[in-house]
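Colleague: Show me how the following folds:
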Amino acid sequence: MVKRVAVILSGCGVYDGTEVHEASAVLVHLSRAGAKVKMFAPNADQMHVVNHCEGKPTEEKRNILQESARIARGEVSDLAKLDIAEFDAMIIPGGFGVAKNLCDWAVKGKEYTIQPQVEKLIKAFRQAGKPLGLCCISPVLAAKVLPGCEITMGQDKECEKWPYAQTAGVMKELGCEYVNKNVSEAHVDFKNKLVTTSAFMCNAAFHEVFDGIGVMVVALLKLA
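Modeller: Modelled structure (predicted):
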């Protein structure tokens, strides 16, 4: 039976939207598995726009849905129109758009809140027993919405390879069971049907991130 998967985007570009390579990896692995994919994004302004050459914010405004259409080749729908009954699973790739547009982690840290539509969908998929795949920074969404869930965002000791490992400490403070995994691995929380992998939380080669996301996708589809 063909699995139907909703992919949630948060813009286009690592610093203010979805990490493009993570989104592409998700789509390739889903395609290879024969899944039917539909992409969604909030129809709202981004928190801000970042010049990706300089890594600095600009004064312009951009719409999350319109920016996400760049990744989706135009085929993206308003997140408000996502009907959980039409899907078997949901995946949210990483990128700072997750931390800026799907929640406010980037601004508030531990005191962050989740965008209401996103929070509602995560709860609905959990209640329906449908699996959720999260990579890179995206597991912060589950940490708030699914108390006590098991997640990985890679290793919890900061070093050159794991520059964002301090995030693991905050996840533990929020009550998550944090599991150390390498970039090529994913962790499955069977109770919550939650599959997570580190992706670019690791300073790894592109193919290693691609392969790790593949492990996440395969595990997710087994649960669907």
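Colleague: which other helices and strands contact the longest helix along the chain?
Modeller: In the chain, with assignment by DSSP state H, the single longest helix is helix 206-223. Of the remaining helices and strands, those touching helix 206-223 by 3 or more Cβ pairs under 8 Å, 6 or more residues apart in numbering; DSSP states H and E are helix 20-32, strand 89-92, strand 132-135, strand 186-189, strand 194-197. Just so you know, the C-beta spots here come from the backbone N, C-alpha and C atoms, and that holds for glycine as well.
Colleague: contacts for the second one?
Modeller: Yep, that's strand 89-92 we're talking about. In this structure, residues lying in contact with strand 89-92 by Cβ atoms under 8 Å, 6 or more residues apart in numbering are 3-8, 10, 26, 30, 98, 102, 118, 121-122, 125, 130-135, 138, 141, 216-217, 220-221, 223-224.
Colleague: ditto for the longest one
Modeller: If you take Cβ under 8 Å, 6+ apart as the criterion, helix 20-32 is touched by 5, 7, 9, 12-14, 37, 71, 91, 93-95, 133, 135-136, 199-200, 206, 209-210, 213-214, 217-218.
Colleague: Any chance of a PyMOL selection covering the buried ones in the residues you listed?
Modeller: Paste this into PyMOL to select the buried members of these, with burial taken from 16 or more other Cβ atoms under 10 Å:
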select buried, resi 5+7+9+12+13+14+37+71+91+93+94+95+133+135+136+199+200+209+210+213+214+217
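Colleague: which residue ranges form the strands in the chain?
Modeller: Ranges of strands in the chain, per DSSP state E, are 4-8, 36-41, 50-51, 56-57, 76-78, 89-92, 132-135, 150-151, 177-178, 186-189, 194-197.
Colleague: Tell me which helix or strand in this protein has the weakest average pLDDT.
Modeller: Of all the helices and strands that make up the chain, the one with the lowest confidence by mean pLDDT, DSSP states H and E is strand 56-57; it has a mean of 92.
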